[in-house]
Each structure stands twice: as C-alpha cells, then as structure tokens.
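got a sequence here, can you model it:
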Amino acid sequence: MTYSLGATSRANLNGVHPKLVQTVERAIALTTQDFTVNEGLRTRERQKRLVAQGFSKTMDSQHIPQADGFGHAVDLVPWIQGHPVWDWEGCYKVAMAMDAAATEYGWAQHIRWGGAWDRRLSDFGGDVNAYKREVQLYQQRHVGSDFLDGPHFEWRD
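Numbers count the residues shown, from 1 in each chain. As a prediction, this is how the structure comes out:
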C-alpha cells in the first residue's frame with residue numbers, strides 16, 4: 001500500500017529544511033508503516049514549554065529555527081488504526097523508510113535519528129531488526145537518562 005501525507009502533515013513541514021522535507025515526502029511513498037508529521041518547526045516558547053513538561057530535554061532543539069532560518073527536525077509518529085501512536089515497532093519501520101529515502105538522495109549521512117543519537121541514517125541499513133539492534137546498542141553505550149525519541153529525525157550538515 002502506498003501512503004501519502006495529509007494536509008496537517010504538509011502544514012507541519014512548513015519552515016523545515018527543504019532536504020528534510022524532501023526526504024519525508026519520499027519516505028511516505030516508500031514506507032510500510034503509515035505516519036504523520038506530528039511536528040516540525042517550533043517556536044522557542046513552545047520548546048520551553050515542552051522542556052518544562054518533560055517532553056524534551058533541551059532548549060538547543062533542532063526544531064527551533066537554525067541559522068539558515070529553517071527548523072532542522074521533524075517528529076514522524078506512526079499512524080495506526082486511524083490515530084498517531086508512539087510505537088517502537090512502527091518507529092523502526094518509519095526509520096527504515098527515512099533511511100531508504102535519504103540514501104536515494106545521497107544524504108543519509110546528514111540525518112540523525114532519535115533512536116540512536118550518536119549515529120546517522122547512513123550507519124544503519126538492512127531490515128527492521130538493524131534499527132532495533134542500534135537502539136539496544138545505543139542504550140548500552142549511553143547508560144542513564146538519555147531520551148530515546150523514535151519519531152525524531154533531524155538534518156545535520
């Protein structure tokens with residue numbers, strides 16, 4: 001089945017780095033897991049609220065406009081039975097689609113995934129199990145309170 005981005009997802013891509021937008025648009029066509037663009041560009045005020053609520057750990061978020069004026073992050077939440085569901089199994093499939101899309105464009109080395117913050121999509125590859133393994137390995141490398149964020153993808157130069 002081929003999926004497409006809805007109006008809300010498209011609106012949530014406004015102000016996001018064009019190459020990240022292009023990757024998301026290609027990923028939705030490649031994915032086996034439907035997803036929604038839950039959030040893209042954020043104001044500093046919204047980021048402050050999310051940190052206060054414990055939904056984010058930093059004020060140095062890539063969702064906030066960067067030096068080039070674009071937000072460099074998106075949150076892609078699996079869409080399951082008509083609702084957005086923060087689900088790791090779905091997140092692995094979305095990550096795989098983002099990896100495939102970014103690889104097609106030749107810029108997988110520029111996209112970081114919140115499931116393994118110290119890697120780029122070009123470091124993964126393979127099947128869904130490769131993404132699961134990377135999350136487990138990341139947790140072993142970073143024992144403690146790291147915030148794993150399966151829906152999060154960000155552009156890095």
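
now stretch 64-84: mean pLDDT?
For stretch 64-84, mean pLDDT is 96.

flag every buried residue along it.
For stretch 64-84, a neighbour-count test (16 or more other CB atoms under 10 Å) marks 64, 66, 70-79, 84 as buried. All C-beta atoms are positioned from the backbone trio N, CA, C, and that covers glycine.

next one: stretch 24-43
So stretch 24-43, judged by 16+ other CB under 10 Å, has buried residues 24-28, 31, 33-42.

and for stretch 38-57?
38-42, 47, 50, 56.

could you tell me the end-to-end distance of it?
18 Å (CA to CA, to the nearest Å).

next: stretch 143-157.
27 Å.

contacts for it next, please.
17, 19-20, 23-24, 35, 38, 56-57, 62, 72-78, 86, 88, 91-92, 94-95, 98, 110-115, 117, 120, 135, 138-139 (CB atoms under 8 Å, 6 or more residues apart in numbering).
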